[in-house]
Structure formats: C-alpha cells, structure tokens
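For reference, the sequence and a predicted model appear below.
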Amino acid sequence: MPKEEENPIRQKYASLLGNTNAKKYTEKDLPKVKQKIIDYFEWCDKNEKPYTMSGLALELGMSRNTLVNYGKDELFCDLISNAKQIVENQLECKLTNKNDYCIGIFLSLKNNYGWKDQQEIKSTNEVAFSPIEDAMNALKESMKE
C-alpha cells in the first residue's frame, strides 16, 4: 500500500500544543502566507480532503479565531477573504451533491459564512371569518333592519 504523503497539518500539532504565542505575520511574510495557503489547498486536493478554515489556520500555525482576525487586518484581508471564499465555495458545491450533502455542511455555512434560513411572513390587517361567522353576522345585520 503506498504511503500517504505526510500531512502538513499533522506537523503543526506539535508546535501548537502548549504554544501560547501564535505566529505573528508581518508584511514581509505576505508571500510566505500566500504560498502556505496554496500548499494547503493543493494538499487537500491531492489527498481528497475537504477545505476547512480550521485546517487552513493549522497550516498557518494559528487558531481559527486568529485567522478570522487576520482577515480583518488591512494587509491580509484580501488574501484571507479569498481563501475563505474558496472554502465556502467547496462547501456550497457539496450541498448540491446528494452524496456529499449533510446538515454539518449547512451548519458550517450558516455559522461561518453568514448563510441564513429565511422565512417570508406576510402580514395583513384583514380579519378572516369562517362561513358560519359570516352567516351569523349577516343574520344579525338583517335583524337590525
């Protein structure tokens, strides 16, 4: 049986466990971060693994929340936003495949990408009466006359 290529995410576990100082990326690290993101997606494709934000964060040596915060940083916002969109796109595509569909995908899209269940409720000021009530009201009106 051929040996699966070493999982880059697994390599990160040892450095992250017990590490309270997350890697701080700067402007000079932008090309390195971009390459790590590309490497992560290529590894997932090669090994038929789904893209995830937590997996991407692990590849970058940080927590998912830290990755989200980098997405708010002016320097990294486009890069992280594009990576996040790639992950979202894969999840959305899985929703259309009946073999991949599961509630977990939908929940991830709702919780991580702002998807919503929308219900349209229309309100009117009309009061509906049953036919019996209509007949009773008509009878009352006729008695007044």
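Noted; the coordinates are in hand.

Buried residues, the helix ranked longest in the chain. List them.
If you go by DSSP state H, the chain has its longest helix at helix 77-95. Of the residues in helix 77-95, 79, 80, 83, 84, 87, 88, 90, 91, 94 count as buried by neighbour count, 16 or more other Cβ atoms under 10 Å. All C-beta spots, glycine's among them, are computed from the backbone N, C-alpha and C.

Tell me which other helices or strands that helix touches.
helix 30-46, helix 53-59, helix 103-113 (3 or more Cβ pairs under 8 Å, 6 or more residues apart in numbering; DSSP states H and E).

Deepest in the core, which of these is it.
Highest mean neighbour count of the helices and strands packed on helix 77-95: helix 53-59, a mean of 21 (counted as mean count of other Cβ atoms under 10 Å).

Tell me how far residue 64 lies from residue 82.
Distance of residue 64 to residue 82, computed by Cβ to Cβ, to the nearest Å: 17 Å.

hmm, back to that, would you format the helices and strands packed on helix 77-95 as TSV with distance to residue 72 included?
Formatted as TSV, the helices and strands packed on helix 77-95 follow (distance: least, Cβ to Cβ, whole Å):
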stretch	distance to residue 72
helix 30-46	15
helix 53-59	14
helix 103-113	15
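
I'd like to know which of these is closest to residue 138.
Proximity to residue 138 (Cβ to Cβ) singles out helix 103-113 among those, at 50.4 Å.

Give me the packing partners of the next helix or strand after that closest one, helices and strands only.
With elements assigned by DSSP states H and E, the helix or strand that comes after helix 103-113 is helix 131-144. Under the contact criterion of 3+ Cβ pairs under 8 Å, 6+ apart, helix 131-144 touches no helix or strand at all.

Sketch out the low-pLDDT regions of this protein for me.
Within the chain, the segments meeting pLDDT under 70 span 1-23, 101, 119-131, 145.
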